[in-house]
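Asks: Can you look at this prediction? I've put the sequence above it.
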Amino acid sequence: MAKKIQADLHVHTSASDGTFAPREVVERAAGIGLNVIAITDHDTMNGIAEAQQCAAGHGVNVIAGVEISTFHGEQEFHVIGLYTDLVSATFLEKLEEMRRARHDRIFEMVGKLREMGIELDGQEIIDSADGGSAGRTHVAQALMDHGHVDTLSEAFYKYVGDRGPAFVPKKFMSVEDAIIAIRKVGGVSILAHPGVTDRDGYIPIFAQMGLNGLEAFYPTYSREQTTHYLDMANRMGMVVGGGSDCHGKRRTDIMLGRVRVPGIYVERITALARLQPGSVENKEESR
């Protein structure tokens, strides 16, 4: 059974900073042989309903997910929630608060750029996200559209990257708060791309907070990195996730399905989700 699963558990849509609409993501997934995908947009679940409605006709199982921007101390981390509840008013309100904070951050970045002599319209940038989660990528796109840079990479390097003069840090939710919030709605929490941030020392701390898993499969990982995180997850009793981190045409080097998570790990995540206190199964049993 596990060998038949073809899964990508880290996918973005136009609901955040991807370029493919949720429906298009499902259609593309079916076209390349994927039968399980997780929609993990940044700080929003707005694209999942459309994806799931489309999925039935294409033989694709769409896992409801989200990639939450979090902080611990002065460090930023991304925590993915898989099998998160789509109808929890409390959880959705938290994400809505984060969406509003993202908008405030856009205006702060625009203000810094204005001080550098670069005029951009903050509301226009927010509107370009078409109701999704606006972020640095949208600011970078505006810089390119208005001729201030030639590429998105240049925009990040010169202006909005972590060390750029227009950078504004995100402090939306702590790692621990995100882990707790995900668990309360029946989700499984997974630390996104730890091999990219290279801060493994924090993983035991997050495990103490209740973190469920690590991304061991990621497009920029070497074989040694994948083995490292598989071993670490095994030693710590954690589940394993991962995927392409596809953002559509914005990152053509990392497309849907480029990295696939072996079925056995997908099944372990699914089994753990069924045991979570806020899972659909446990809610039904408590009625």
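Replies: Thanks, I have it.

Asks: in stretch 104-113, what's buried?
Replies: By neighbour count on 16 or more other Cβ atoms under 10 Å, the buried set for stretch 104-113 is 105, 106, 109, 110, 112, 113. In this view, the C-beta of every residue, glycine as well, is placed from N, C-alpha and C.

Asks: hang on, the last one packs against residue 159?
Replies: Yes: if you go by Cβ atoms under 8 Å, residue 113 and residue 159 touch, sitting 6.6 Å apart.

Asks: what do these two both touch?
Replies: 139, 143, 166 (Cβ atoms under 8 Å, 6 or more residues apart in numbering).

Asks: Would you reformat these as a markdown table and include neighbour count, pLDDT and secondary structure?
Replies: Below are the shared contacts of residue 113 and residue 159 laid out as a markdown table (neighbours: other Cβ atoms under 10 Å; pLDDT from 0 to 100; DSSP: H, G, I helix; E, B strand; the rest coil):
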| residue | neighbour count | pLDDT | secondary structure |
| --- | --- | --- | --- |
| 139 | 25 | 95 | helix |
| 143 | 25 | 96 | helix |
| 166 | 23 | 95 | coil |
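
Asks: okay if I get these as CSV plus distance to residue 9?
Replies: Output for the shared contacts of residue 113 and residue 159, formatted as CSV (distance: Cβ to Cβ, whole Å):
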residue, distance to residue 9
139, 28
143, 31
166, 32
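
Asks: Break this protein down into its domains, please.
Replies: Domain assignment of the chain by automatic domain parsing yields the ranges 2-86+177-285, 95-160.

Asks: which one of those domains is the most hemmed in?
Replies: Mean neighbour count (mean count of other Cβ atoms under 10 Å) peaks for domain 2-86+177-285 among these, with a mean of 20.

Asks: Now that domain: average pLDDT?
Replies: The pLDDT scores in domain 2-86+177-285 average 92.

Asks: roughly how far is it from the heart of the chain?
Replies: 7 Å (Cα atoms, centre = their mean, to the nearest Å).

Asks: ok, residue 246 touching residue 255?
Replies: Yes: at 5.8 Å, residue 246 counts as touching residue 255 under the criterion of Cβ under 8 Å.

Asks: ok, residue 160 - contacts?
Replies: 109, 136, 139, 140, 143, 166, 167.

Asks: is it true that the first one touches residue 168?
Replies: By that I understand residue 109. Yes: using Cβ under 8 Å, residue 109 makes contact with residue 168 at a distance of 5.2 Å.

Asks: ok, residue 193 to residue 245 distance?
Replies: Note on residue 193: its distance to residue 245, by Cβ to Cβ, to the nearest Å, is 7 Å.

Asks: okay, and the common contacts of the two?
Replies: Residues within reach of residue 193 and of residue 245 at once, by Cβ under 8 Å, 6+ apart, are residue 218.

Asks: residue ranges for the helices of the stretch 51-200 of the chain, please.
Replies: 89-115, 122-128, 136-145, 152-155, 175-184, 194-197 (DSSP state H, counting those that start in this stretch).

Asks: angle of the fifth one against helix 89-115?
Replies: Right, the one you point to is helix 175-184. 140 degrees (axes from the mean of the first three to the mean of the last three Cα atoms, to 10 degrees).
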